[in-house]
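Colleague: attaching a predicted model along with its sequence, questions to come.
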Amino acid sequence: LLDCGRCETMAAPTKSNAYESKRSEVNELRTLLRSREVQREPAKYREVVEKVILYMTLGVDVSRLFSEIVLASATRDLVQKKLVYLYLCNYSESHSELALLTVNTLQKDCRDTNPLIRGMALRSMCNLRVPNLVEYVLDPLNTCLGDSSPYVRKTAILGCVKIHYLDQMAIQDASIPDRLYSMFHDRDPQVVANAVIALEEILATRGGIMLTREVAHLLLNHLKQFTEWNQSAIMRILLRYKATDEDEVFDIMNVLDERLKHANAGVVLAACRLFLELTESMDDLQDDVYDRLKTPLITLMSSACDEISFTVLQHVHLLIKRRPHLFVDEYKSFYCRFSDRSYVKAKKLEILTDIVTSANSGRIIEELTAYVTDVDQEMARLSVRAVGRIVLKLEDELQHISTVLLAFLELDSSYLTAETAVVIQNLLRKYPDFADALVPQLFELADMEACADEPAARAALVWILGQYGDLVDDAPYILEEMIDNLDQELSSTVRLELLTATLSLFFKRPPEMQKMLGSLLEKVIADELHTDVHDRALLYYRLLKQSPDVARDAIVGQQGSVESFVDLTVGSGDTIFKEFDSLSVSLNQPSDAFITQTPPFNIIGNPFSEPDLDTTSDDLGAGPAEGFLVDAAAPASDSFVQSSHLRLVQRPSIDPASFEQKWMQWEISAMIKDIVKVVPTPSTAHDIEKAMTKYGVMLMASSPPSDGVIKFFFYAQEATASSAYHLVEATLDIGTRTFSAHVKSGNQEGPLFAMVLREALSYAHLIDMDLM
């Protein structure tokens, strides 16, 4: 240990040593890839390629091996080709200048005799995602759309969508939509389905594909030949089709009827939605349609896994809100099974309380009573609440349910006592005349100690004592004990109820309550920790001081019954019903509550639109840093334009040091090069800066004209959860009228941000760009 030289030898390798080690390993891989001996043995050659991919997946930069890997694609080994294609797709976006090297190789493979190689090569070309290479992809793409192999045609169709998001005009100029329309008559069902779905996405901003009678009938007749996912997607597309007459509606429903018997939940729910959409305006058929959907949904709910069962139950509940009588006779289907998950059981309890009627209430209450003894406390609590919902809905069951609730109290369970107390409070709010029979028995079976950990239950019992304390002999003494231990009561809700209950009982039993009331008011007014209770006590004290009669009228007043409870009201769910067979139903909220639309992903058939953004907030950033050449005449906040390609913050902020650090670390993710329409002058730089600022792309620094070239550094920040930055180095060549830019991004959205730059220049009429 005293040998310093030995200590140095045993020391852990530094970060720089690890970097050099990785670098030497990459150089070793390059040597192996170039080795003639390795190339003569295909197995060893593939092992080296596999090692390159392994390093790539571990985060090691092996982009320096690009040329060697391109050469490795010249093989008949499918596994090696897949590995090479994976490498090319991974590095093409960040090394767009190297991606051009792969085009010739991929184009050659697109003409291979093996359809698997043709398909893989085309898929890899479309996955390069380099806008400058689109022109090289279009010819192979058009050729493969007419390929003899269905696999290649399917791959080509999906490639059309990928190219569409890179260059929409290129797809239109190449007449790709017309080719896809013609493929609706392809002999392979999967090709037809891919063509329909791809064309629907490409034409999303125009409302989707044109659903003529011929197209709709073609898709319906081939529906059962498609895969399950495609069946669901195509039935959603068919929602837009409007039948010409009732006979056609019946013909379509006859075709769809078989889909209701499908084992896949997505297919069944899509068919249900199409049934409902077709008969939306046919009131005389609505009940028959709902009856037809009932059996498939119950079958699916009973036979599927818990997750799908819950989704189906959510859709069933939505139908019940429209037709409460629909599942009245099928109430046994919603009984909880021992193996059901807790969320499925909870949903079934909700449905049972919504379909309960006088005819089936006895059996449902009996079933719910059995759930109260469940080992799962949450399930037991929900069961007690469900019984309470029934009594508020059916007055005829008041006597029966009162007996059941008192039986719950005899079980001597703290959480059951707590839930029962809350239920009885609601019961008395709606049926106050029943207090004489219920309240005395309640306080014989329940006390405050049983609800020590349940503030809501204590508040309910205190409220009952305040309203019906004249029916309980010990009511003042129960409240007195709580007043004496007020310091231990932490719940503001219980304190408020205790204050109101004490005052209410004071007007009914003044001799017993006068001293307690004075003690409570003194304690509460002196305690400023619970300000709402403190203020309420001051109000009551001043009312009493003004006039006891006025205080009685204000606090007690005329007590009537509560006719309906807001949290128990069953709505029609019209907003969510419009999104039937979607995540909105499962989450029980409209899609705009949990989805922020961001391109290029789009809702089929609905063009992308940005929500209104609050541009007056001061916390969006402070603009460019000081000490740089910036545009002094920045536009006002009302001139901000939100791009349709990528949502950006209006006024991002980044300091020069962070800008430089990120620029040195990040790789180039996109490049643009455009010809400026007007003859550039030094003042054109101001126009460019102003156009960029309008779109939220701020200037970090710019240089004066040097040799006819002006250089800019811009930055922007996404208005998304990631808040990723995008950095730009741009040049304006006055002599050649060329504007070029290199983009570096903190995520994978660099090509989309490049489109924002072009959109800003087009908006200022500096370049030509046709935006859809």
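Modeller: Looks like it came in fine.

Colleague: show me the shaky parts of this protein.
Modeller: 1-23, 566-573, 596-639, 682, 769-772 (pLDDT under 70).

Colleague: let me see the ranges of the strands in it.
Modeller: The residue ranges that make up the strands of the chain, judged by DSSP state E, are 668-675, 698-702, 709-717, 725-733, 738-745.

Colleague: of the ones you listed, which is nearest Lys393?
Modeller: With CB to CB, the closest approach to Lys393 among these belongs to strand 709-717: 52.8 Å. Any C-beta I mention is one placed from the backbone N, CA and C, and that applies to glycine too.

Colleague: of all the strands of the chain, which one is nearest Tyr241?
Modeller: Among the strands of the chain, strand 668-675 sits nearest to Tyr241 (CB to CB), with 39.7 Å.

Colleague: who's in contact with Glu395?
Modeller: Glu395 makes contact with Tyr431 under the criterion CB atoms under 8 Å, 6 or more residues apart in numbering.

Colleague: recalculate using a threshold of 10 Å.
Modeller: Contacts were defined as CB atoms under 10 Å, 6 or more residues apart in numbering; by that measure Glu395 touches 358, 430-431, 434.

Colleague: cool, Ile401 as well?
Modeller: Ile401 makes contact with 361, 365, 368-369, 387-388, 390-392, 394, 423, 427 under the criterion CB under 10 Å, 6+ apart.

Colleague: and Ala204, how far from Val161?
Modeller: When distance is defined by CB to CB, to the nearest Å, Ala204 is 10 Å away from Val161.

Colleague: same thing with Glu759?
Modeller: Here the criterion is CB to CB. By it, Glu759 lies 21 Å from Val161.

Colleague: same thing with Asn90?
Modeller: 20 Å.

Colleague: now Arg259, nearest residue through space, not along the chain?
Modeller: With CB to CB, 6 or more residues apart in numbering as the criterion, Arg259 has its nearest non-adjacent residue at 3.9 Å, and that residue is Ala271.

Colleague: about what we covered before: mind putting the contacts of Glu395 in a markdown table, distance to Arg36 and neighbour count included?
Modeller: What follows is the contacts of Glu395, written out as a markdown table (distance: CB to CB, whole Å; neighbours: other CB atoms under 10 Å):
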| residue | distance to Arg36 | neighbour count |
| --- | --- | --- |
| Ser358 | 91 | 10 |
| Lys430 | 91 | 16 |
| Tyr431 | 95 | 17 |
| Phe434 | 97 | 16 |
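
Colleague: going by distance to Thr57, which of the residues you listed wins?
Modeller: Taking the contacts of Glu395 together and measuring to Thr57 by CB to CB, the closest member is Lys430, at 64.1 Å.

Colleague: Ser561 is in contact with the closest one, correct?
Modeller: Yes - at 5.5 Å, Lys430 and Ser561 qualify as touching, with contact defined as CB atoms under 10 Å.

Colleague: okay, helices next: where are they in the stretch 451-600 of the chain?
Modeller: 455-468, 475-484, 492-508, 510-526, 531-546, 548-555, 574-577, 583-587 (DSSP state H, counting those that start in this stretch).

Colleague: just checking, what packs against the last one?
Modeller: By that I understand helix 583-587. Helix 583-587 sits against helix 306-322, helix 574-577, with contacts defined as 3 or more CB pairs under 10 Å, 6 or more residues apart in numbering; DSSP states H and E.

Colleague: the second one too?
Modeller: Using 3+ CB pairs under 10 Å, 6+ apart as the contact criterion, the elements in contact with helix 475-484 are helix 435-445, helix 455-468, helix 492-508, helix 510-526.

Colleague: likewise for the fourth one?
Modeller: In terms of contacts (3+ CB pairs under 10 Å, 6+ apart), helix 510-526 is packed against helix 475-484, helix 492-508, helix 531-546.

Colleague: and that helix with helix 492-508, angle?
Modeller: 150 degrees (axes from the mean of the first three to the mean of the last three CA atoms, to 10 degrees).

Colleague: cool, and the first one?
Modeller: Relative orientation of helix 455-468 and helix 492-508, computed by the same axes, to 10 degrees: 10 degrees.

Colleague: one more: the second one?
Modeller: Following the same axes, to 10 degrees, one obtains 140 degrees for the angle between helix 475-484 and helix 492-508.

Colleague: tell me the gap between helix 475-484 and the middle of its chain.
Modeller: In this view, helix 475-484 has its centroid 50 Å away from the chain centroid, taken as CA atoms, centre = their mean, to the nearest Å.

Colleague: same question, the third one
Modeller: Computed by CA atoms, centre = their mean, the chain-centroid distance of helix 492-508 equals 45 Å.

Colleague: again with the fourth one
Modeller: Computed by CA atoms, centre = their mean, the chain-centroid distance of helix 510-526 equals 53 Å.

Colleague: show me the contact partners of it.
Modeller: When contacts are taken as CB under 10 Å, 6+ apart, the neighbours of helix 510-526 outside the stretch itself are 469, 475-477, 479-480, 482-484, 486-487, 495-496, 498-499, 502-507, 530, 533-538, 540-541, 544, 548.

Colleague: and stretch 44-54, what's buried?
Modeller: 45-46, 48-49, 51-53 (16 or more other CB atoms under 10 Å).

Colleague: what would these look like in TSV with distance to Val255?
Modeller: As requested, these are arranged in TSV below (distance: CB to CB, whole Å):
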residue	distance to Val255
Tyr45	54
Arg46	50
Val48	56
Val49	50
Lys51	54
Val52	52
Ile53	48
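
Colleague: which residues does the closest residue to Leu116 other than its chain neighbours contact?
Modeller: Excluding the flanking residues, the one nearest Leu116 by CB to CB, 6+ apart is Leu78, at 6.3 Å. Contacts for Leu78 were tallied using CB under 10 Å, 6+ apart; they are 114, 116-117, 120.
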